[in-house]
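# Below is the sequence, then the predicted model.
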Amino acid sequence: MTVLAFGVVVWLIVIGLYGVVTSRNLIHLVVCISVAQSATDILILEIGYVDHGHAPVFVSLPKHPGPTVDGIMQALSLTDVVLGAAVSALLLALVVQIHKRTGTLDPDHLRTVADEQP
């Protein structure tokens with residue numbers, strides 16, 4: 001594991017959380033959550049990384065090819081990508097419904113719009 005990869009993970013989480021805290025638009029908020037979530041993909045892949053590792057497939061190889069990467073971490077990373085896309089799609093669908101009902105995407109104005117409606 002390299003320090004650079006962990007630095008990228010921390011940087012992505014910090015940038016994503018900063019965007020979540022300072023966001024004045026719900027679509028921007030969803031994108032920032034997605035950026036912070038992408039850090040978990042890098043972290044999972046970094047945990048399973050092996051220097052000069054081969055794919056964990058040993059079909060028709062005469063001898064063991066050497067170190068192999070962890071296939072479970074690759075599967076977890078793929079699952080994380082799919083779940084991240086599903087969560088982003090759900091959040092964007094909620095943002096569309098919020099905009100249809102209130103006419104605004106600003107989180108600060110949502111409370112005032114809700115107070116004005118009967």
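Okay, I see it. Nothing here was measured: the structure is a model prediction, and the numbers come from that model.
# ok, the residue nearest in space to the middle of the chain - contacts?
Closest to where the C-alpha atoms of the chain average out (Cα atoms, centre = their mean) is residue 37, at 2.4 Å. By Cβ atoms under 8 Å, 6 or more residues apart in numbering, the contact list for residue 37 reads 16, 80, 84, 87. The C-beta positions use only the backbone N, C-alpha and C, and glycine is treated the same way.
# Same question for residue 28.
By Cβ under 8 Å, 6+ apart, the contact set of residue 28 is residue 19.
# for residue 70, same thing?
With Cβ under 8 Å, 6+ apart, residue 70 has these contacts: 47-48, 50, 56.
# Repeat the analysis, applying 6 Å as the threshold.
Contacts for residue 70 (Cβ atoms under 6 Å, 6 or more residues apart in numbering) come out as residue 48.
# repeat for the one 5 residues further on
Not one residue lies near residue 75 by Cβ under 6 Å, 6+ apart.
# could you redo the last one with a cut-off of 10 Å?
By Cβ atoms under 10 Å, 6 or more residues apart in numbering, the contact list for residue 75 reads 44, 48.
# distance of it from residue 48?
Applying Cβ to Cβ, to the nearest Å, the value for residue 75 to residue 48 is 9 Å.
# Kindly report the same for residue 13.
Taking Cβ to Cβ as the measure, residue 13 falls 19 Å from residue 48.
# same question, residue 15
24 Å.
# which one of those two has more residues nearby?
For residue 15 and residue 48, the more surrounded residue by other Cβ atoms under 10 Å is residue 48, and the numbers stand at 17 against 14.
# That one is in contact with residue 67, isn't it?
No - the criterion here is Cβ atoms under 10 Å, and residue 48 misses it with residue 67 at 11.8 Å.
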